[in-house]
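# Here is the input, now give the coordinates:
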Amino acid sequence: MKTNVLSLEPKQSVSRFLWSAIDVASPNKTDDCREPSFPEEGRESMLLDSADMLVGIKMCRKLTGLSGREILLGVSTSPRHHSTLRGYLRLCRGNARRVQALLVHDLRSYLEIGARQFAADQLIVLRLFLADQLRDASKQRASLPEAEKIETRMTQH
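Next up is the predicted model:
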């Protein structure tokens, strides 16, 4: 029997998964207003300075270990996705590893029960989260003194 990571209760219907993050966020927000999306090509090489920036699919798969069949496209970002991400961040008290693990777990759970639209939305939330993490990491690297940058590069090789 599989259990829900958050409460150690047996897995329940889709509404239980939605409660985990969406209810913690702002449940009154909708996706009536569409936000701009960016072209897929070269997304990883672009400077990550936009709040709506999504990590590319290849980078997402590399960072999370998702397989090709776990990637569902056709959804664009909306305020609802940002709200859901804020809910996950609050739920996990800002712990980036927990947030990523929970996002991937919930995405796979949606796929397991056949909720493809929820899984596609979850993938958008995951890509927003990863973009935020990469943006934060690039800001930290940019603010390091030059000696620390060189030392960091040498330890990576």
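# mean confidence for the one helix or strand F118 maps to?
According to DSSP states H and E, F118 maps onto helix 116-143. Helix 116-143 shows a mean pLDDT of 87 in the predicted model.
# Mind listing what's buried along it?
118-135 (16 or more other C-beta atoms under 10 Å). For every residue, glycine as well, the C-beta is placed using N, CA and C.
# does the closest residue to F129 other than its chain neighbours count as helix, strand or coil?
Of all residues not flanking F129 in the chain, L85 sits nearest, at 5.7 Å (C-beta to C-beta, 6 or more residues apart in numbering). Under the three-state scheme (DSSP: H, G, I helix; E, B strand; the rest coil), L85 adopts helix.
# Go ahead and confirm L85 touches V125.
Yes - counting by C-beta atoms under 8 Å, L85 touches V125, with 5.1 Å between them.
# residues in contact with L111?
L111 is in contact with 70, 119, counting by C-beta atoms under 8 Å, 6 or more residues apart in numbering.
# Which secondary structure state is assigned to it?
helix.
# hmm, back to that, what helices and strands are in contact with the helix holding F118?
Applying 3 or more C-beta pairs under 8 Å, 6 or more residues apart in numbering; DSSP states H and E, we find helix 116-143 packed against helix 14-18, helix 57-64, helix 79-91, helix 96-112.
# how big is the angle separating that helix from helix 96-112?
160 degrees (axes from the mean of the first three to the mean of the last three C-alpha atoms, to 10 degrees).
# what is the orientation angle of helix 116-143 with helix 57-64?
Using the same axes, to 10 degrees: helix 116-143 against helix 57-64 is 80 degrees.
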